[in-house]
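Student: pasting the structure only:
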């Protein structure tokens, strides 16, 4: 009986939120395969139905050999997932996104396992021209081409979901893999100026993690080989995002591979993309964050004053 769902990158931001949702909405067991390059044990979900395995996707056939005939589907979210960093860590990006993902695809094909693959708007924006802006975008776009060919050649079953600047609970706040919303939250909490990459007018369709996960679950329930995009209808510039925090800002030099717009993707390999839109608005999220942090600061100050008196 195939009663196991595998989540690659299950100890990461998106993967851990997905596992929480799967536990609520399914009765299946869940196995996370993560190399912990950006994942963290603090994201582990404590539940008897969840098991965590440390390992590389390149070795997925070996790592999951003991459950190979019990796997119902694989959410492949365990790839190298940053644009700018893919220049400095090209070998890691290529190893994860090309070699590792190809191993995942082959494993699914050999064992007749359904695949749910996380694509990115960075690989197909600007009428497809953005795919050559960075090693990250290039490797992701090539994976989409391969998946479509596997569907034609072998009737391979999969669903593709395009992510758009995901933010929310559990996001990475520091280090190379931090999200811009996470970075701004961390800087705000530390009373530091927010760092805006020049020119600051670049726009993004920031999408809350809960909206993203809901679309992932919806796609998982299908068996259509469809492409889905999950974004918010409204886009914000980085400067507009920074202004929501109502604090100091500084500008830093532009980075390689920087995209200046996050346009909705309409076509992928001649296949229509089904557009899904998030309900949670970024401005409301940031307002709630600021209120909660200001409350915590006031509470800490009151307690500190009492101790001193």
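Tutor: That came in fine, so what should we check first? Since the model is a prediction, treat every value here as computed from it, not as a measurement.

Student: Kindly provide the distance from residue 48 to residue 12.
Tutor: 22 Å (C-beta to C-beta, to the nearest Å). Where you see a C-beta, it was placed from the backbone N, CA and C, and this is true even at glycine.

Student: Which of these two has more residues huddled nearby?
Tutor: Of the pair residue 48 and residue 12, residue 12 is the one with more neighbours under other C-beta atoms under 10 Å, namely 26 against 6.

Student: what's the spacing between that one and residue 61?
Tutor: Separation of residue 12 from residue 61 (C-beta to C-beta): 22 Å.

Student: give me the low-pLDDT residue ranges for the stretch 151-300 of the chain?
Tutor: Scanning the stretch 151-300 of the chain for pLDDT under 70 picks out 257-271, 294-300.

Student: quick one, strands of it?
Tutor: For the stretch 151-300 of the chain, the strands defined by DSSP state E, counting those that start in this stretch cover 158-163, 166-167, 194-197, 203-204, 207-208, 227-231, 236-237, 249-252, 267-268, 271-277.

Student: Tell me the strands beside the third one, with direction?
Tutor: Partner strands for strand 194-197, per DSSP bridges, with pairing direction: strand 249-252 (parallel).

Student: again with the first one
Tutor: In the sheet, strand 158-163 lines up against strand 114-120 (parallel), strand 227-231 (parallel) (DSSP bridges).

Student: chain center to the last one: distance?
Tutor: Just to be clear, that refers to strand 227-231. From the chain centre to the centre of strand 227-231 is a distance of 12 Å (C-alpha atoms, centre = their mean, to the nearest Å).

Student: and that strand with strand 271-277, angle?
Tutor: Going by axes from the mean of the first three to the mean of the last three C-alpha atoms, to 10 degrees, strand 227-231 is angled at 30 degrees with respect to strand 271-277.

Student: So which bits of strand 227-231 are buried?
Tutor: Residues of strand 227-231 classed as buried by neighbour count (16 or more other C-beta atoms under 10 Å): 227-231.

Student: Could you do stretch 222-240 as well?
Tutor: 225, 227-232, 235-239.

Student: mind checking the end-to-end distance for that stretch?
Tutor: Using C-alpha to C-alpha, to the nearest Å, one end of stretch 222-240 lies 37 Å from the other.

Student: Next: stretch 150-161.
Tutor: Distance across stretch 150-161, first residue to last, is 17 Å (C-alpha to C-alpha).

Student: go on, stretch 162-172?
Tutor: 19 Å.

Student: what's the offset of it from the middle of its chain?
Tutor: Centroid separation for stretch 162-172 versus its chain: 6 Å, with C-alpha atoms, centre = their mean.

Student: go on, stretch 24-32?
Tutor: Computed by C-alpha atoms, centre = their mean, the chain-centroid distance of stretch 24-32 equals 19 Å.

Student: Identify all contacting residues around it.
Tutor: Stretch 24-32 is contacted by residues 3-11, 15, 19, 22-23, 49-53, 64, 67, 71-72, 217 when judged by C-beta atoms under 8 Å, 6 or more residues apart in numbering.

Student: of the buried residues of stretch 222-240, closest to residue 179?
Tutor: residue 238 (12.0 Å; C-beta to C-beta).

Student: wait, isn't residue 157 in contact with residue 116?
Tutor: No - contact criterion C-beta atoms under 8 Å: residue 157 and residue 116 do not qualify, at 10.0 Å.
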